[in-house]
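J.: structure for this input, please:
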Amino acid sequence: MILSVDGVVFRYPSHLVLNDIEFEVDKGDCLAILGTNGVGKSTLLKCINKILKPQQGVISIEEDELSQLSRREIAQKIGYVSQRQEGGKFTVFDAVILGRKPHITWDVSKRDMEIANKIIKVLGLEQFSLRYIDELSGGELQKVVIARALAQEPRVLLLDEPTSNLDLRNQLDVLKIINKVVEEQQIAALVTMHDLNLAIRFANKFILLKERAIFAAGGVEVITPDNIEEVYAVPVAVERFQEIPVVVPL
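T.: Have a look, this model is predicted:
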């Protein structure tokens, strides 16, 4: 077990958002968090990253209780990519090297530079390395932010709709890279997504949220027509194409 979420409850002053959320993620897992807009997917990631503080429940990462960790310690363990990104007068390289900040004690080391350069290459950003990030397209900026999170060398990677600004090719490329990093480094990734078919190709575990709670959780076997219609209020068929399940709205 690399991440444990046990009985998490989160409410804003006006309404309850998450109620008794409980699950575990193991090394090598890619967990897709699914559900309609406003159901609490992003809020759940923010609770796991201690951006928001749950009113109840315990979140632990590799036996360390999150509430007892400092921001620096959390940043050494958790990489987070939010939905909304902002530009600025940083070069792509500078933005990625910032991902090493939780590990830097005095100055940027040779190893920090090597890690940043390697990730820039893996994500195909070499040609943008010295370009300012406020000159990038939305999709290019999204890849830079993902690169920065990977530069942290996190144990858990949280990605809030990471493919929302990417074209089809870059969606597949980024998800393949994340899968490869998760497998090779034996970390875990939690990803909120709206595209069910991309989620099926990418993830090995799934959580379906409905009405502030987990409606269904497990492997691909929980991606059923009945579950999807119950969560999204849309009738679908789940067919197989080249051994891959495909969700087809009816």
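
J.: ok, residue 234 - contacts?
T.: Residues in contact with residue 234 (CB atoms under 8 Å, 6 or more residues apart in numbering) are 228, 249. Quick note: C-beta positions are derived from backbone N, CA and C, even for glycine.

J.: so what pLDDT did residue 85 get?
T.: pLDDT recorded at residue 85 is 65.

J.: ok, now the one 5 residues further on?
T.: Per-residue confidence at residue 90 stands at 83 (pLDDT).

J.: of all residues in the protein, which one is nearest the centre?
T.: When CA atoms, centre = their mean is applied to the chain, the residue found nearest the centroid is residue 159 (2.0 Å).

J.: looks to me like that one is in a helix.
T.: No - under DSSP: H, G, I helix; E, B strand; the rest coil, residue 159 falls outside any helix and is assigned strand.

J.: please export the C-alpha coordinates of whichever helix in the chain runs longest as PDB.
T.: Secondary structure of the chain per DSSP state H: the longest helix is helix 168-185. Output in PDB follows, covering the C-alpha atoms of helix 168-185 (Å, rounded to 0.1, in the frame of the first residue of the first chain):
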ATOM      1  CA  LEU A 168      -5.500  13.100 -29.400                       C
ATOM      2  CA  ARG A 169      -1.900  12.200 -30.100                       C
ATOM      3  CA  ASN A 170      -0.600  14.200 -27.100                       C
ATOM      4  CA  GLN A 171      -3.300  12.700 -24.900                       C
ATOM      5  CA  LEU A 172      -2.100   9.200 -25.700                       C
ATOM      6  CA  ASP A 173       1.600  10.200 -25.500                       C
ATOM      7  CA  VAL A 174       1.200  11.800 -22.000                       C
ATOM      8  CA  LEU A 175      -0.800   8.900 -20.600                       C
ATOM      9  CA  LYS A 176       1.700   6.400 -22.000                       C
ATOM     10  CA  ILE A 177       4.600   8.300 -20.300                       C
ATOM     11  CA  ILE A 178       2.700   8.400 -17.000                       C
ATOM     12  CA  ASN A 179       2.000   4.700 -17.200                       C
ATOM     13  CA  LYS A 180       5.700   4.000 -17.900                       C
ATOM     14  CA  VAL A 181       6.900   6.200 -15.000                       C
ATOM     15  CA  VAL A 182       4.400   4.500 -12.600                       C
ATOM     16  CA  GLU A 183       5.500   1.100 -13.600                       C
ATOM     17  CA  GLU A 184       9.300   1.700 -13.700                       C
ATOM     18  CA  GLN A 185       9.400   3.800 -10.500                       C
END
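
J.: give me the next element, helix or strand, following it.
T.: strand 188-192 (DSSP states H and E).

J.: any idea how far residue 47 lies from residue 191?
T.: From residue 47 over to residue 191 the distance is 16 Å, taken as CB to CB, to the nearest Å.

J.: same check on residue 61?
T.: 17 Å.

J.: which residues of the protein fall in helices?
T.: Under the criterion DSSP H, helices of the chain are mapped to 41-48, 71-77, 92-97, 110-122, 138-151, 168-185, 196-202, 225-232.

J.: would you format those as a markdown table with mean neighbour count and distance to residue 12 included?
T.: Formatted as a markdown table, the helices of the chain follow (neighbours: other CB atoms under 10 Å; distance: least, CB to CB, whole Å):
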| stretch | mean neighbour count | distance to residue 12 |
| --- | --- | --- |
| helix 41-48 | 23 | 9 |
| helix 71-77 | 16 | 22 |
| helix 92-97 | 23 | 31 |
| helix 110-122 | 16 | 35 |
| helix 138-151 | 22 | 26 |
| helix 168-185 | 16 | 30 |
| helix 196-202 | 19 | 27 |
| helix 225-232 | 16 | 22 |
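
J.: out of these, which gets nearest to residue 34?
T.: helix 196-202 (6.2 Å; CB to CB).

J.: neighbouring contacts of that closest one?
T.: Contacts for helix 196-202 (CB under 8 Å, 6+ apart): 30, 32, 34, 163, 171-172, 175, 178-179, 191, 193, 206, 220, 223, 228, 244-247.
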